[in-house]
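Participant: My questions are about this predicted structure, shown below with the sequence.
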Amino acid sequence: MTDSSRDWPLYEIFIRARSGLDHKHVGSLHATDARMAIEHARDLYTRRQEGVSIWAVRSSDIVASDPAEADELFEPARDKVYRHPTFYDIPDEVKTL
Amino acid sequence: MTPHFRYVLRLADTSLVLAQRLGEWVGHAPVLEEDLSLANLSLDLLGQARMLLAYAGELEGQGRDEDELAYLREESQYLNLTLVEQPNGDFGQTVVRQFLIDAWQLELYERLQQSKDARLAEIAARAVKETRYHLRYSAGWMVRLGDGTAESHGRMQAALNRLWPFTNELFAADEADRAMTESGIAPAPGTLQSAWSARVAAVLEEATLTQPQATPFPWFGRQGRHSEHLGYILAEMQSLHRAHPGASW
Amino acid sequence: MYTQGLDSLGRDCLRDETQDAGALERRFQARVDAEEKIEPKDWMPDAYRRTLVRQVSQHAHSEVVGMLPEGNWITRAPSLLRKAILIAKVQDEGGHGAYLYSATETLGVARDELIGQLLDGKAKYSSIFNYPTPTWADVGAIGWLVDSAAIMNQIPLCRCSYGPYARAMVRICKEESFHQRQGYDIMLRLARGTPAQKDMAQQALNRWWWPSLMMFGPPDAESTHGAQSMRWKIKRFSNDELRQKFVDFAVPQAGFLELTVPDPQLRWDEAAGRYRFGPIDWNEFDQVLKGHGPCNRERLEARRKAHEEGRWVREAAVAHAAKQAARKNSRAA
């Protein structure tokens, strides 16, 4: 009953809800070509006016970071607090800085 | 029945019957995503039908609303194109039927945007966007299935051969059409043919499908003389409503 | 393998299990306890993954099979507005199935395999969809009762520990409240309509009340997976808790419709602040789960037919895509 060798490729879908916002990942769907992927994304993810723009990417084209590497990828940013404006104590008399 | 009322009713009935046919597919499509696509087509066409029926009722001026018109008219009073009452068949036949109508509706709605009937122009302006999407969808599938596997090609050619004769009716004109053309309300049906033919030919070529020979049989759905299919469609569509006269749902 | 393009397992997943299993499990449970979300490439116990695959895919199957009992009224809806609403609702259900298959695929199983399990009769789906919809009022009853029950199950799942499932549930819950309302709206019109319509509504309530209570699953004492699923935050409330909540909501709603809930033992318990209700026929539930319900066979046959008859379409789309790719390559060459 299965024809798993014929499974349509998986696409990840990103939708821009309104002009000015980023495209956000909303999920995935199956399609065999780019045009179909866009149409399916439109019918699946924008029925309630949730989108003005669609990106569809083959899932196999996505490169992702490994959660096990989270420490070395993201920890070092933690103690560089001087990147944040709140680190700096500017006297109140100095306006708009 | 005035020509104006007749004309609008024809458009309404064509959209309604096609929406009804597409509604039969929901839950049975080849792929889950296509269930949603077919439901989308059905909803759009049903929306067009409702707007057009409401307008037709106003033109008639006897207080009939969209439901009275949809549920209480018989086959001979329905004025849809015979093409849309043809069975769904397999997905390929549904695609062919859809494509032939989409190419026609797009041409028609684009032209109706210039209608002297402001209400019709407004309805057409809304419908034209949906129809562009429908055509994109159906043309895409014409090509995928026409130029897919040997099996899909065979099925598509058979469906095209079967449905092609019904396309004659798209461009037929009678007194009602002539009256509409004279008053600047609608384009003469024949004037849609060359654009439609060009569009269809282009897609058939890409789909590696052969355009069937023309057959002369005219078909008369627009006159209320239907194939055997409409009777079954209306029986199913209308039976519950008719079983409870005057009830509200 | 992962099919969500995350085509390599996280490094933690490849470690020698016997050495680090204990530490990994403790770290995992600590994250769950702290209400952190587990995402697709994170390490997770095999049992957690398997339980989720089963639970989420069953949920997906339920949505897809659930299109059938109401879908068969689309062509017969008694007004054009009701027809449009019903098409939109059933379309949503298909969409929910798609979101849930999508979430399941993040756990490393292809949708085709899941569908194969459903069509082979190996996977379960919600028992409720094995009941027939003989009248229009059944469409109303499903929207009112079944979708209410579904919402009660689903809202807590918006906070479940597995990220993709939680996010799918948020999306679904937004859409589900329209489903519930349109169902109740149908019932209201019928209950206030002609005597024949009111009778239709009452008969539908009689048919759907008990199966809806069974939707929440067996009593807590007999629920095998409950405790572990609670620990992993894949399940947030017990079956009996949710069932009680449902009854407390639905009974007054039935009262407003002036319809009678088909439970002669139903009464308000002032002291406990809730309704007491009669015994559920768990034998019926078991029979339906085993495949002997009124519509089990038809539902599966319909899905198998759609799948089989659509095979040539799926294959053609793949073949066409391959042809396009080959043409592109030969042009580039």
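Facilitator: Received it, and whenever you're ready, just let me know what you need. Residues are numbered from 1 along each chain as shown, chains lettered A, B, ... in the order given.

Participant: With only the CA atoms kept, save stretch A:9-22 in CSV.
Facilitator: Provided in CSV are the C-alpha atoms of stretch A:9-22 (Å, rounded to 0.1, in the frame of the first residue of the first chain):
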residue,chain,number,x,y,z
PRO,A,9,9.7,16.1,-1.8
LEU,A,10,9.3,18.1,1.4
TYR,A,11,9.4,21.8,1.3
GLU,A,12,9.7,24.2,4.3
ILE,A,13,7.4,27.2,4.0
PHE,A,14,8.1,30.8,5.2
ILE,A,15,5.4,33.5,5.1
ARG,A,16,5.7,37.2,5.3
ALA,A,17,2.5,38.2,7.1
ARG,A,18,2.6,41.9,6.3
SER,A,19,4.9,44.2,4.4
GLY,A,20,7.6,45.3,6.8
LEU,A,21,7.8,41.9,8.7
ASP,A,22,10.3,39.1,8.1
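
Participant: hmm, that stretch touching chain C?
Facilitator: Yes: using Cβ under 8 Å from any Cβ of the partner chain, stretch A:9-22 reaches chain C at A:L10, A:E12. Heads up, the C-betas are built off the backbone N, CA and C, glycines and all.

Participant: and for that stretch, what are the contacting residues?
Facilitator: Stretch A:9-22 is contacted by residues A:23-32, A:37, A:41, A:44-46, A:50-60, A:62, C:3-5, C:105 when judged by Cβ atoms under 8 Å, 6 or more residues apart in numbering or on different chains.

Participant: again, 6 Å this time
Facilitator: A:23, A:25-31, A:37, A:41, A:45, A:50-59, C:3 (Cβ atoms under 6 Å, 6 or more residues apart in numbering or on different chains).

Participant: For A:A31, which non-adjacent residue is spatially closest?
Facilitator: Leaving aside its sequence neighbours, A:A31 sits nearest to A:A37 (Cβ to Cβ, 6 or more residues apart in numbering or on different chains; 3.9 Å).

Participant: what are the ranges of the helices in chain B?
Facilitator: In chain B, the helices defined using DSSP state H lie at B:3-23, B:32-60, B:66-71, B:91-112, B:118-146, B:150-163, B:175-182, B:193-206, B:229-243.

Participant: I'd like the distance from the fourth one to the chain centre, please.
Facilitator: Right, the one you point to is helix B:91-112. Relative to its chain's centre, helix B:91-112 lies at 7 Å (Cα atoms, centre = their mean, to the nearest Å).

Participant: returning to that earlier point: derive a PyMOL selection command for the buried subset of the contacts of stretch A:9-22.
Facilitator: Here is the PyMOL command that selects the buried residues among the contacts of stretch A:9-22 (16 or more other Cβ atoms under 10 Å in any protein chain shown):
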select buried, (chain A and resi 26+27+28+29+30+31+37+41+45+51+54+55+56+57+59) or (chain C and resi 3)
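
Participant: Tell me where the stretch 151-300 of chain C has helices.
Facilitator: Counting by DSSP state H, counting those that start in this stretch, the stretch 151-300 of chain C has helices at residues C:163-191, C:195-214, C:226-231, C:239-257, C:282-287, C:296-309.

Participant: After the last one, which helix or strand is next?
Facilitator: What it means is helix C:296-309. Next helix or strand after helix C:296-309 toward the C-terminus (DSSP states H and E): helix C:311-332.

Participant: which other helices and strands contact that following helix?
Facilitator: helix B:118-146, helix B:150-163 (3 or more Cβ pairs under 6 Å, 6 or more residues apart in numbering or on different chains; DSSP states H and E).

Participant: Any part of the longest one near chain C?
Facilitator: This means helix B:118-146. Yes: looking at helix B:118-146 against chain C by Cβ under 6 Å from any Cβ of the partner chain, the contacts come from B:R144, B:L145.

Participant: So which elements touch that helix?
Facilitator: helix B:32-60, helix B:91-112, helix B:150-163, helix B:193-206, helix C:311-332.

Participant: for the record, mean pLDDT for that helix?
Facilitator: Across helix B:118-146, the average pLDDT comes to 97.

Participant: okay, now residue 22: neighbour count?
Facilitator: All of this is about chain A. Neighbour count for A:D22, taken as other Cβ atoms under 10 Å in any protein chain shown: 8.

Participant: should've been chain C
Facilitator: Other residues close to C:G22 by other Cβ under 10 Å number 9.

Participant: On the pLDDT front, check it for me.
Facilitator: At C:G22, pLDDT is 85.

Participant: again with A:A77
Facilitator: For A:A77, pLDDT reads 72.

Participant: Ok, C:A316 next?
Facilitator: What the model reports for C:A316 is a pLDDT of 97.

Participant: Spatially nearest residue to it (excluding sequence neighbours)?
Facilitator: Counting by Cβ to Cβ, 6+ apart, the nearest residue to C:A316 once its immediate chain neighbours are dropped is B:G148, at 2.8 Å.

Participant: Burial check on the one you found, number of neighbours?
Facilitator: Around B:G148 there are 29 other residues, counting by other Cβ under 10 Å.

Participant: Dihedrals phi and psi, C:T133?
Facilitator: Per-residue torsions, C:T133: phi -120, psi 80 (degrees, to the nearest 10).
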